[in-house]
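A.B. asks: fold the following.
(one chain, ligands or ions: 2)
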Amino acid sequence: MRIEEVPAPSAPGPLQAIVSPLWSGICGTDIKEYTGHGTSDYAARHPLTGYEGRPLILGHEFSARVEEIGAEIENVKVGDEVAVYPLLHCGKCEACLRGEYQNCRIKAWNGLSSPWGGFGEKVLVEHYQLTPLNGIPASTGALIEPAAVALNAAQKAGVSAGDTVFIAGAGAIGVLSLLAARALGAAQVHVFELNPKRAALVGKFGGTVIPADAASDIPGYLRNITGGLGVDVAIDAAGKPAANATALESVKPGGTLAVPAVHLEAVTFDIRRITRADLTMVGSVGYTRHAWDATVAMVRSGAYPIDGVATAKIPLTEIVARGFEVLSQPSDELKVLVQVNE
Ligand SMILES: [Zn+2]
Ligand SMILES: [Zn+2]
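C.D. replies: Numbers count the residues shown, from 1 in each chain. Ligands and ions are numbered 1, 2, ... in the order given. Okay, here's the model as predicted:
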């Protein structure tokens, strides 16, 4: 990873804009790219964005200032601060026509499969990517993207008023899932996290940390405190086989397990548990446009208070030493935000 000069984007088309990133979050996906477990290396030109493989400008979680707009842009003006919706899509395929841009046949992401990323000084964006912040601080704006991932998963899991929820893992997506579940009305959110510093943050975000001495039988612990039932919803935000098995065992009959975590390897489980306990298991990748817009609205209203998830804010010059290097090791940080432009 290095910082180098690249040509600036050319003038925006009528429905495009050039923005300068303000704050940009480092994601687990970025760390996978950094440590060589990434998936962004395209052999051929990406059909939507023209991205042709490395070098790659990382960064898909970012806020930005609008610098230049095309003639037909109406939703923002130069100088406005925006959150960038980083999910590029064709707008024509069957998934796009249903508004499920995360399932677009040729979707692409800024910072992973496009020439432009949030850790660069300038980004060329399409009109639909410009989400005005309208008073949301720019540093919070960089958290909208992972917050939308978590809200999408919690919504897809059907978290509703009064529910008891179990979350495996208190990394950024785990804590955001906790906040999302609370925002959707969950009465109790129990979180298990091995790292004691992260576990200590759970209470601050409105969750209950599962004590370390319950670690050997978390499903038993959760059944104990739910009258023998188990939880309404479990969310696997850890991405480890053991955590997934624990989450599956913790759900009550008729309940739901959501898996927003991206596992590094295949997980084996007993399918009979799904049938016999009448369970629903849902995957969740990215977010629907609705979940993105709902995230912005709920952050603005205060219902989804995500600010505290940024546990470190660093300048661009320290992105490797205090960002990627730290996060490549077991770390106490939830989300590290990088200030790209002032
Ligand atoms: Zn991310
Ligand atoms: Zn499409």
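
A.B. asks: contacts for stretch 317-325, please.
C.D. replies: Stretch 317-325 has contacts (CB atoms under 8 Å, 6 or more residues apart in numbering) with Met1, Ile3, Ile26, Asp30, Ile31, Tyr34, Phe119, Ala312, Ile314, Val336, Val338. All C-beta spots, glycine's among them, are computed from the backbone N, C-alpha and C.

A.B. asks: apply 7 Å and report the result again.
C.D. replies: Under the criterion CB atoms under 7 Å, 6 or more residues apart in numbering, residues Met1, Ile26, Ile31, Tyr34, Phe119, Ile314, Val336, Val338 lie in contact with stretch 317-325.

A.B. asks: any idea how far apart the tips of that stretch sit?
C.D. replies: 13 Å (CA to CA, to the nearest Å).

A.B. asks: quick one: residues contacting Met281.
C.D. replies: Leu257, Val259, Ile274.

A.B. asks: let's see 8 Å
C.D. replies: Leu248, Thr256, Leu257, Ala258, Val259, Ile274.

A.B. asks: mind listing which of these are in strands?
C.D. replies: Using DSSP state E, the members of those that fall in strands are Thr256, Leu257, Ala258, Val259.

A.B. asks: tell me who's in contact with the second one.
C.D. replies: Put plainly, it is Leu257. Contacts of Leu257 by CB under 8 Å, 6+ apart are Ala157, Val233, Ala234, Ile235, Asp236, Ala247, Leu248, Val251, Leu279, Thr280, Met281, Val282.

A.B. asks: what's the answer for the last one, then?
C.D. replies: With contacts defined as CB under 8 Å, 6+ apart, Val259 is in contact with Ala153, Ile235, Asp236, Asn244, Met281, Val282, Gly283, Ser284.

A.B. asks: quick check: mean pLDDT of stretch 317-333?
C.D. replies: Averaging pLDDT along stretch 317-333 gives 93.

A.B. asks: likewise stretch 122-141?
C.D. replies: On average, stretch 122-141 scores 97.

A.B. asks: quick one: end-to-end length of it, please.
C.D. replies: End-to-end distance of stretch 122-141 (CA to CA): 17 Å.

A.B. asks: next, the distance between the ends of stretch 3-10.
C.D. replies: Start-to-end, stretch 3-10 (CA to CA) is 20 Å.

A.B. asks: which parts of it are buried?
C.D. replies: Neighbour-count burial for stretch 3-10 flags Pro9 (criterion: 16 or more other CB atoms under 10 Å).

A.B. asks: what's the mean pLDDT across that stretch?
C.D. replies: pLDDT averaged over stretch 3-10 gives 88.

A.B. asks: distance between that stretch and the chain's centre?
C.D. replies: 27 Å (CA atoms, centre = their mean, to the nearest Å).

A.B. asks: list the contacts of that stretch.
C.D. replies: Ile18, Pro55, Ile57, Trp116, Gly120, Glu121, Lys122, Val123, Leu124, Leu316, Thr317, Ile319.

A.B. asks: ok, back up a step: of all pairs in the contacts of Met281, which one is the farthest apart?
C.D. replies: Ala258 and Ile274 (13.6 Å; CB to CB).

A.B. asks: so between these two, which is more surrounded?
C.D. replies: Higher neighbour count among Ala258 and Ile274: Ala258, with 27 against 15, using other CB atoms under 10 Å.
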